[in-house]
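>>> below: sequence and its predicted model.
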Number of protein chains: 2
Amino acid sequence: MKRDDFDTWALAELDAVESALAACVPADAPAGLGDAMRYAVLDGGKRLRPLLVLAAADAVHGARSAALRAACAVELIHAYSLVHDDLPCMDDDVLRRGKPTVHVRFGVAQAMLAGDAMQALAFEILTPTDDSVAPALQAGLCGLLARAAGGGGMAGGQAIDLASVGCQLDEHALSDMHRRKTGALLRASVLMGAACGKTTSREWQSLADYGDAVGLAFQVVDDILDVTQASATLGKTAGKDIDNNKPTYVTVLGLDAAHAHADALRRAAHAALDVSGIADTEQLRELADRVVDRES
Amino acid sequence: MKRDDFDTWALAELDAVESALAACVPADAPAGLGDAMRYAVLDGGKRLRPLLVLAAADAVHGARSAALRAACAVELIHAYSLVHDDLPCMDDDVLRRGKPTVHVRFGVAQAMLAGDAMQALAFEILTPTDDSVAPALQAGLCGLLARAAGGGGMAGGQAIDLASVGCQLDEHALSDMHRRKTGALLRASVLMGAACGKTTSREWQSLADYGDAVGLAFQVVDDILDVTQASATLGKTAGKDIDNNKPTYVTVLGLDAAHAHADALRRAAHAALDVSGIADTEQLRELADRVVDRES
């Protein structure tokens, strides 16, 4: 796939996701809650997870309506996790996506409630009461998302992250943390897209392997960017992992080895697609490249 | 139904719920997260919501495995909401169910993460990967729970609650807040139980009406107990609504009228069961009585 073709596809999909999110995050949730939710999720972010959902769904000719809902749901979980992660009791961050964080803008309590409501909304979106998504698919998508978001996935990874401040972790422990904290939801994005179509077990496993590799690559690159980029480029506070005395791939491996690790994970992602037997994986392949080559 | 028969039924069901919760809340979630989750939800609480699920499921001859999962899921949502509600940024409470609150015991950040993970776990429990719950029922249960928990339900009610500190609310605004904050999840408990069986639209609507009435009655009684009972009886800090300058049914209606309102809601709950056409509603009827007559 030419990079121009990918960009055209991605721009159209980002537009579709933005419209769908704007339609499904309620402006009328009471007492300003809707405003906080919309502030947290609209007009911001790279939307990597929705693009992974939609690319995987395309690759297996998945149902469009379900895939778009899955894309919104996974982004809501991601966005809620950022709102909670930025709170004073966690990372206490004031800048996100180039804007004041939700609790700075709306207060700590409202930010916590907005995050809570965003998690619930993700599951609302996956369970429409019309017949636009087959019930068995609704259930499958809810299950994939819940397992990625919960104690065995993202929330569990955040608990390890919290406990690891000031600790020495070896690479194994670090990758365990990140497979949960960031990787689980990225992997689930790929599999939720895949669930929207029919897959053989080989295709499913290959996409899971791809999601694993991309998920870990994302975090390795995140750690690299945290030390190599300025806050203005990242849209969030740079250098905060170092400041917070958190173990990262850069502190554990060193910068050069972290770069090499990211490249190895890119190759692993591509290799998983190669053996998948899926005909058209160009968007997924390019997404793996973008994850590793990104500068913010 | 004789009170003894009800007590026998309720004790057996509470035992089943306790065992199911103990089995499904993971002890091995990493970095102490599982401990915080188990502390938050095991061995505590009246388990009113699970009993409503199971009584409604019994009334419509619902699938047992699904009903027990629904009972656990709704209790997890309730328990997570208490964990977050007790945090310093919200009610800043130190006592719950006669024990130190989760953030007092495990720290604020871990308490927030435990609540987040408990919400996700509720949806995990509703989407088993074996064939114990029909996929369409899984989807239906997830949808009912998500809508009750989110911005249009419980989280929205909490946002109103937050915004109403120090405000004068009329009875209409107060009941709107409580229908969301407490009522939505109690109503959903009844309907999730009903969803486990087959219902006519008249049966469904009657159970919804019953759930509405019981949900509001619960909150009216909660407001009464907050001013008439001691902390030791409640297992949580008494008088805190008054201390926090929050509008309650007692401050809006006065104590006598609040009692009368609770009785009227009990009669409305019974009346909904009377017109339902459902043969055996004795457990639900008795549960409405217990909600109104309770002393803690």
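Arrived safely, thanks for sending.
>>> any low-confidence regions in the stretch 51-200 of chain A?
Nowhere does the stretch 51-200 of chain A drop to pLDDT under 70.
>>> how about the helices of it, start to end?
Assigned by DSSP state H, counting those that start in this stretch, the helices in the stretch 51-200 of chain A fall at A:64-85, A:102-106, A:108-125, A:135-149, A:154-163, A:171-178, A:184-195.
>>> state the distance from A:T129 to chain B.
A:T129 sits 7 Å away from chain B, going by C-beta to the nearest C-beta, to the nearest Å. Glycine gets a C-beta too; all of them are placed from N, C-alpha and C.
>>> burial of the nearest residue to that residue once chain neighbours are set aside, as a residue count?
Excluding its sequence neighbours, the residue lying closest to A:T129 (C-beta to C-beta, 6 or more residues apart in numbering or on different chains) is B:G143, at 6.6 Å. Under the neighbour criterion other C-beta atoms under 10 Å in any protein chain shown, B:G143 is assigned a count of 23.
>>> neighbours around the residue lying closest to A:W9 once chain neighbours are set aside, how many?
Distances taken as C-beta to C-beta, 6+ apart put A:Q283 closest to A:W9, at 6.2 Å, once the chain neighbours are dropped. Using other C-beta under 10 Å, A:Q283 is surrounded by 20 other residues.
>>> contacts only, for A:Q283.
Residues near A:Q283 by C-beta atoms under 8 Å, 6 or more residues apart in numbering or on different chains: A:1, A:6, A:9, A:51, A:55, A:58-59.
>>> same check on A:L137?
Each residue near A:L137 by C-beta under 8 Å, 6+ apart is listed here: A:63, A:66, A:195-196.
>>> give the full set of residues in contact with A:D241.
A:223, A:226-227, A:248, A:251.
>>> among these, which are in helices?
Secondary structure from DSSP state H places A:223, A:226-227, A:251 of those in helices.
>>> related to what we said a few turns ago, intersect the contacts of A:D241 with the contacts of chain B.
Filtering the contacts of A:D241 for neighbours of chain B using C-beta under 8 Å from any C-beta of the partner chain leaves an empty set.
>>> which two of those residues have the greatest separation?
Greatest spacing in the contacts of A:D241, by C-beta to C-beta: A:D226 and A:T251 (10.1 Å).
>>> mind listing the shared neighbours of the two?
Taking C-beta under 8 Å, 6+ apart as the criterion, A:D226 and A:T251 both touch A:241-242.
>>> who has more neighbours, the two?
Shown here are A:D226 and A:T251; by other C-beta under 10 Å, A:D226 has more neighbours (21 against 18).
>>> pretty sure that one contacts A:K236?
No - A:D226 lies out of contact with A:K236 (C-beta atoms under 8 Å); the separation is 9.1 Å.
>>> interface residues of the stretch 151-296 of chain A facing chain B?
Residues of the stretch 151-296 of chain A that fall close to chain B, judged by C-beta under 8 Å from any C-beta: A:151-153, A:155-160, A:162-164, A:180.
>>> most neighbours, which of those?
Busiest of these [other C-beta under 10 Å] is A:A155, holding 31 neighbours.
>>> hmm, B:A117 and that one touching each other?
Yes - counting by C-beta under 8 Å, A:A155 does reach B:A117; the two are 3.8 Å apart.
>>> name the residues contacting each of those two.
What both A:A155 and B:A117 touch, as defined by C-beta under 8 Å, 6+ apart, is the set B:29, B:33.
>>> before we move on, the earlier item: and the two most separated of the contacts of A:L137?
Spatial extent of those (C-beta to C-beta) is set by the pair A:A63 and A:A195 at 9.6 Å.
>>> which one of those two is surrounded by more residues?
Counted by other C-beta under 10 Å, A:A63 and A:A195 do not tie: A:A195 has more neighbours, with 27 against 17.
>>> measure that one to chain B for me?
Going from A:A195 to chain B by C-beta to the nearest C-beta gives 12 Å.
>>> which residue, other than its chain neighbours, is closest to that residue?
Residue nearest to A:A195 in three dimensions, not counting chain neighbours: A:G140, with 5.0 Å by C-beta to C-beta, 6+ apart.
>>> which residues are in contact with that neighbour?
For A:G140, the contact set (C-beta under 8 Å, 6+ apart) comprises A:195, B:127, B:135.
>>> among the residues you listed, which one sits closest to A:P88?
When these are compared against A:P88 (criterion: C-beta to C-beta), the nearest one is B:T127, at 33.5 Å.
>>> what about the closest one, neighbour count?
B:T127 has 25 neighbours, counted by other C-beta under 10 Å.
>>> just confirm it contacts A:A139, I think it does.
Yes - with contact defined as C-beta under 8 Å, B:T127 counts as touching A:A139 (5.4 Å).
>>> what is the neighbour count of A:V165?
11.
>>> got the phi/psi numbers for it?
According to degrees, to the nearest 10, the main-chain angles of A:V165 amount to phi -60, psi 130.
>>> and A:H61, by the same measure?
The phi and psi values for A:H61, taken as degrees, to the nearest 10, are phi 50, psi 50.
>>> who's in contact with it?
Counting by C-beta under 8 Å, 6+ apart, A:H61 touches A:197-198.
>>> who's in contact with the closest residue in space to A:R69 that isn't next to it in sequence?
Nearest residue to A:R69 in three dimensions, chain neighbours excluded: A:I125, at 5.1 Å (C-beta to C-beta, 6+ apart). Shown in contact with A:I125 (C-beta under 8 Å, 6+ apart): A:24, A:69, A:72-73, A:76.
>>> recalculate using a threshold of 6 Å.
Applying C-beta atoms under 6 Å, 6 or more residues apart in numbering or on different chains to A:I125 gives the contacts A:24, A:69, A:72-73.
>>> please apply the same query to A:L273.
Shown in contact with A:L273 (C-beta under 6 Å, 6+ apart): A:210, A:281, A:284-285.
>>> closest to B:V102 out of those?
Once C-beta to C-beta is applied, the member of those that ends up nearest B:V102 is A:Y210, at 37.7 Å.
>>> how many neighbours does the closest one have?
Each residue near A:Y210 was counted by other C-beta under 10 Å, and the total is 32.
>>> A:A269 is in contact with that one, correct?
Yes - counting by C-beta atoms under 6 Å, A:Y210 does reach A:A269; the two are 5.1 Å apart.
>>> circling back: TSV for the contacts of A:G140, including distance to B:G32?
Formatted as TSV, the contacts of A:G140 follow (distance: C-beta to C-beta, whole Å):
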residue	distance to B:G32
A:A195	32
B:T127	26
B:P135	34
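>>> of those, closest to A:R294?
Using C-beta to C-beta, the shortest approach to A:R294 within these belongs to A:A195, at 26.5 Å.
>>> contact residues of the stretch 1-150 of chain A facing chain B?
Counting by C-beta under 6 Å from any C-beta of the partner chain, the positions of the stretch 1-150 of chain A adjacent to chain B are A:26, A:29-31, A:33, A:89-90, A:108-109, A:113, A:116-117, A:119-121, A:123-124, A:127, A:135-136, A:138-139, A:142-143, A:146-147, A:149-150.
>>> what about burial for those residues, which qualify?
Buried by 16 or more other C-beta atoms under 10 Å in any protein chain shown: A:26, A:29-31, A:33, A:89-90, A:108-109, A:113, A:116-117, A:119-121, A:123-124, A:127, A:135, A:138-139, A:142-143, A:146-147, A:149-150, out of the residues of the stretch 1-150 of chain A next to chain B.
>>> so who does A:L68 touch?
Contact analysis of A:L68 by C-beta under 6 Å, 6+ apart lists A:A20.
>>> A:T101 too?
A:T101 makes contact with A:86, A:93-94, according to C-beta under 6 Å, 6+ apart.
>>> excluding residues flanking it in the chain, which one is nearest it?
Among residues not flanking A:T101 along the chain, A:D86 sits closest, at 4.2 Å (C-beta to C-beta, 6+ apart).
>>> quick one: the one you found and A:D93 touch, right?
Yes - with contact defined as C-beta under 6 Å, A:D86 and A:D93 form a contacting pair (4.3 Å).
>>> neighbour-wise, which of the two wins?
Using other C-beta under 10 Å, the more surrounded residue of A:D86 and A:D93 is A:D86, with 24 against 19.
>>> ok, the more buried one to A:V102 distance?
As defined by C-beta to C-beta, to the nearest Å, A:D86 lies at a distance of 7 Å from A:V102.
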